Each structure stands twice: as structure tokens, then as C-alpha cells.
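Asker: below is the structure, and that's it, no one-letter string:
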């Protein structure tokens, strides 16, 4: 893999992390949906992080994608990706994958319309009020919503970690390319084991 001098250093992790689970909803995690793929391994690894975060009382947040029936809230995105039309209010496809066991009384669900979890949402406000300085981004897809969220997290002033076993994509080539690109410029792409050590033991990254 190519390396370029002056790129790909570590920004590290702070003292107040959160876990942000991007779009691990049924529409994306069920291969029976046009949008879906099999993310069994990525879900299992994300659940390990969620268990650790919950034990340490570290904030956990989720996102979903949901549109009104007229789709005017989707802008031109819906024309570029017509398969998104299944993600209407009340659809089963917009619900979180139950394997993640979201705690509805404590873990916010952010409804978004576009790729980034920050764009047009109240995510930044929540993280600010919680004193978060590090966003651990998990979910799908690596080349789409995960990458867009990682870039925006950096631009909003957060340190960004991407556990590579906790994100996935329909395309493996896109997955690999975007992990490389995020590591080069926007985030620290690390193993789930290192993130678990950080959450459980406070081990520096």
C-alpha cells in the first residue's frame, strides 16, 4: 500500500469517548432488502464495544435513515439512490438491528436524511452537552455514511476512531479504499481489540 510522507499520523483518543453506531438498521443489515448486506461479523464486533461502553457508562448513540412519503426531505439523494425509497416512516427497514440491543431509555436515536450523521441533525449538540471529545464510528457503509460521518466528526473538532472490524460495505474494494483514505487523512483506523482496551482500561491509542 502506498505511503505518503506527512499523512496518516495518529490523532489519538481523548478522555471522553462515545460510540456512534451509523445505520446498522434492518434495511442495511438484512440481505433480503435491496439496500442490505450481511454484516454479521461487524454487528458482533460492534456489540462487544457496546457492552464495554455500557459497563463503563460511556455514551452510546445510534442513527437511522427515514423519509416522509413525499421524499422531498431526501433532496436529490433519492434520485441518485432510488433504493432509499424503502426507508419511509414506519417501515420495518428503518428499525435498528435488534442484535445491538439498544437501550431506548438511555441511548439516543438520531434520524438523518443524508450520509453524515452530523448533517441536519442535533448530534453535535448532544455530544457537546455530554462533553465528548472522541467519536468511535461503527456501522455501514464504510464508503458512504461511515466515511461522511468520520469526516464531519473531525471537522466538528472531535478525535475520530474507526474500529475496522466494526464497519462494513457492500463492496470490499470500496471498504478497503475508504479505510485507507480515512486513516490517511481523517481518522485513526484501529483494531476492535485496541478500542476495547481503551474503553476498559483507558489504554492510550
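Answerer: Done, it's in. Everything numeric here is computed off the predicted structure, so don't read it as measured data. Numbering: from 1, shown residues only.

Asker: in the protein, which spans are strands?
Answerer: For the chain, the strands defined by DSSP state E occupy 17-22, 60-65, 109-112, 134-140, 159-163, 167-168, 188-190.

Asker: any chance of those in TSV, with distance to residue 120 and mean neighbour count too?
Answerer: Every residue, glycine included, has its C-beta placed from N, CA and C. Output for these, formatted as TSV (distance: least, CB to CB, whole Å; neighbours: other CB atoms under 10 Å):
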stretch	distance to residue 120	mean neighbour count
strand 17-22	15	26
strand 60-65	12	22
strand 109-112	7	17
strand 134-140	17	28
strand 159-163	20	25
strand 167-168	22	28
strand 188-190	26	21
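
Asker: pipe those into a markdown table and attach distance to residue 99 per row.
Answerer: Shown next, in a markdown table, are the strands of the chain (distance: least, CB to CB, whole Å):
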| stretch | distance to residue 99 |
| --- | --- |
| strand 17-22 | 11 |
| strand 60-65 | 12 |
| strand 109-112 | 16 |
| strand 134-140 | 13 |
| strand 159-163 | 17 |
| strand 167-168 | 14 |
| strand 188-190 | 23 |
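
Asker: kindly reformat these as JSON lines containing mean pLDDT.
Answerer: JSON lines is the format used below for the strands of the chain (pLDDT from 0 to 100):
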{"stretch": "strand 17-22", "mean pLDDT": "98"}
{"stretch": "strand 60-65", "mean pLDDT": "98"}
{"stretch": "strand 109-112", "mean pLDDT": "98"}
{"stretch": "strand 134-140", "mean pLDDT": "98"}
{"stretch": "strand 159-163", "mean pLDDT": "98"}
{"stretch": "strand 167-168", "mean pLDDT": "98"}
{"stretch": "strand 188-190", "mean pLDDT": "97"}
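
Asker: and the pLDDT for the closest residue to residue 95 other than its chain neighbours?
Answerer: The shortest distance from residue 95 to any non-neighbouring residue, by CB to CB, 6 or more residues apart in numbering, is to residue 26 (5.4 Å). If you check residue 26, the pLDDT there is 98.

Asker: so what's residue 97 closest to, chain neighbours aside?
Answerer: residue 29 (4.5 Å).

Asker: show me the contacts for that neighbour.
Answerer: 36, 37, 38, 39, 43, 97, 140 (CB atoms under 8 Å, 6 or more residues apart in numbering).
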